[in-house]
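>>> quick check, what structure comes out for this input:
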Amino acid sequence: MKRPIIFRGKTVFDGTWRKGDLIGVSSDFKGAVFIRCSYSDVCKVDPATVGQYTGITDCKGREIFEGDIIRWAESTSYECYLESKEYPEAYDGCNFDDLWKYGVVCYAAECGYPAFELSGWDEDECNGLSSLAAAGEWHFEVIGNIHDNPDMLPDAPVRGE
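Below is the predicted model:
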């Protein structure tokens with residue numbers, strides 16, 4: 001199956017997020033970057049916000065891009081957490097404060113790993129983002145991005161920085 005190559009960026013005019021083909025522009029435009037959303041719709045975007053689609057969707061079907069903040073939990077713990085919302089008396093005394101782990105999706109070429117990676121992943125030496133998607137033992141979801149929600153991420157460093 002061929003993975004679509006899609007980019008996302010925040011427009012400089014109104015700050016909305018747009019997806020499409022990335023168009024690099026010559027120095028005549030002072031380093032401007034554009035995303036072509038359709039044949040007739042081209043938007044100038046802030047270069048610092050541009051991120052590529054990873055080819056992976058979260059547990060709710062949302063596309064995951066570079067710069068997205070992901071939270072994840074083991075599926076069995078997440079199911080207990082959901083059940084505790086419905087039947088609190090059955091989980092009296094259970095603490096779900098440490099249920100979630102957090103990370104940022106990044107492209108890790110700067111550290112010698114040319115692939116999408118997930119900062120904060122410490123389960124093993126495997127690629128965190130791929131492990132979440134492939135293993136089936138994780139609940140994971142996009143909860144924001146580093147451009148709109150920088151305060152959502154605990155002190156986990158972003159790989160490649």
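>>> now do the helices in this protein.
Shown for the chain, the helices assigned by DSSP state H span residues 75-86, 128-135.
>>> in the last one, what's buried?
Right, the one you point to is helix 128-135. Buried residues in helix 128-135, defined by neighbour count with 16 or more other CB atoms under 10 Å: 128-133. All C-beta atoms are positioned from the backbone trio N, CA, C, and that covers glycine.
>>> next: stretch 96-116.
Residues 100-108, 116 are the ones in stretch 96-116 that count as buried (16+ other CB under 10 Å).
>>> looking at the helices of the chain, which is nearest to residue 6?
The closest of the helices of the chain to residue 6 is helix 128-135. By CB to CB, the value is 16.1 Å.
>>> the closest one to helix 75-86, inter-axis angle?
Per axes from the mean of the first three to the mean of the last three CA atoms, to 10 degrees, the angle that helix 128-135 makes with helix 75-86 is 80 degrees.
>>> tell me how many other residues crowd residue 34.
Residues within reach of residue 34, counting by other CB atoms under 10 Å, total 19.
>>> and the residue nearest to it when sequence neighbours are not counted, what is it in contact with?
Leaving aside its sequence neighbours, residue 34 sits nearest to residue 23 (CB to CB, 6 or more residues apart in numbering; 4.3 Å). With contact taken as CB atoms under 8 Å, 6 or more residues apart in numbering, residue 23 is in contact with 33-36, 42.
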